[in-house]
Each structure stands twice: as structure tokens, then as C-alpha cells.
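S.K.: Just a sequence and a predicted model for now, questions to come.
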Amino acid sequence: MSVALRNAQCAVPVRRAALRRAVCALRAALGASRFDVGLICAGNGLMRRLNGAYRQRTEPTDVLSFPFHRVAAGELPRPRCRDEYNLGDIFLGVEYIQQQCRATGEDFDSVLAVTAAHGLCHLLGYQHNTKHEWQQV
């Protein structure tokens, strides 16, 4: 299936093809290649609004995931029809990630791929509210 990638910001250049390849490889490694994923690259303004609306936090963040299915950690959904072959949407706070990379000296594209993996884990039911959950992720 596909990775639908939308760049909804213009503050940070994003290597879209490389990001799409990384997410496709991650889906394959997790056994989820047959599922669609939406990937949205967002600036701080949109991430701040989404974080406020869904997590009651007023600051931007690096990633927010909106799963299509509710599944136990590590389980794949069991779709009943073609329209349900969807894992959900991942919003990547690329402006926030770039700011963090500048502060730490880390490579932006590498951190972006790892952050997308983090978001994909959330779509597959993983959480990190406890130390044990964080270790699973």
C-alpha cells in the first residue's frame, strides 16, 4: 500500500523521497507494508494547535500520531474491508525537530526518520507512559 506524504509547512526543506523510503522500510520491517500511512510534515504553529487540542499542551512537539485502529502494542489491525487497510496519520513537527537538531548537532534527516518510526510505533499501539512501555517502544 502507500505512504501519503504531505508537506504542510515551508520553513524547513524536507527530503520527501528519502523520508518516504524510510517509512516504507519501517512498515516492511514491522510487517505492515499492506497498510496505508499518512505522513504530514508540519510547522510549529500547526503542531502547537494539535498538541493543544489533543494533549492539552500549549507547545509544539516533534510527533503526534492519530491511529485509525485501536490495537494492542505490536499487533496489526485486522481489517474487514479495503477501506480499513489504514494505520492512521503521523504529524512530524519538522520545524521543532530542526530546532532540536541545531541545538544538539544531530543530523536532521536521521532524526526525522527516527521520529517517523516513533510515530509509526504509536499507530501500532505502543505507548510510553511508563518505563516499561518506553522500553517496548
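M.R.: Sure thing, it's come through.
S.K.: any idea which residue sits dead centre in this protein?
M.R.: residue 119 (3.1 Å; Cα atoms, centre = their mean).
S.K.: Return the distance of that one relative to residue 37.
M.R.: Distance of residue 119 to residue 37, given as Cβ to Cβ, to the nearest Å: 9 Å. For glycine as for every other residue, the C-beta is placed from the backbone atoms N, C-alpha and C.
S.K.: Pull up the overlap in contacts between those two.
M.R.: Residues touching both residue 119 and residue 37 (Cβ atoms under 8 Å, 6 or more residues apart in numbering): residue 90.
S.K.: Give the buried residues for the biggest helix by length in the chain.
M.R.: Longest helix of the chain, by residue count under DSSP state H: helix 108-123. Of the residues in helix 108-123, 108, 111-123 count as buried by neighbour count, 16 or more other Cβ atoms under 10 Å.
S.K.: contacts for that helix?
M.R.: By Cβ under 8 Å, 6+ apart, helix 108-123 touches 12, 14-15, 18-19, 22-23, 26-27, 30, 32, 37, 39, 62-65, 67-68, 87-88, 90-92, 94, 97-98, 100-101, 137.
S.K.: Buried by neighbour count, from the residues you listed: which ones?
M.R.: Neighbour counting by 16+ other Cβ under 10 Å classes 12, 14, 19, 22-23, 26-27, 30, 32, 37, 39, 62-65, 67-68, 87-88, 90-92, 94, 97-98, 101 among the contacts of helix 108-123 as buried.
S.K.: show me where the chain has helices.
M.R.: Applying DSSP H to the chain gives helices spanning 16-29, 44-55, 94-104, 108-123, 131-136.
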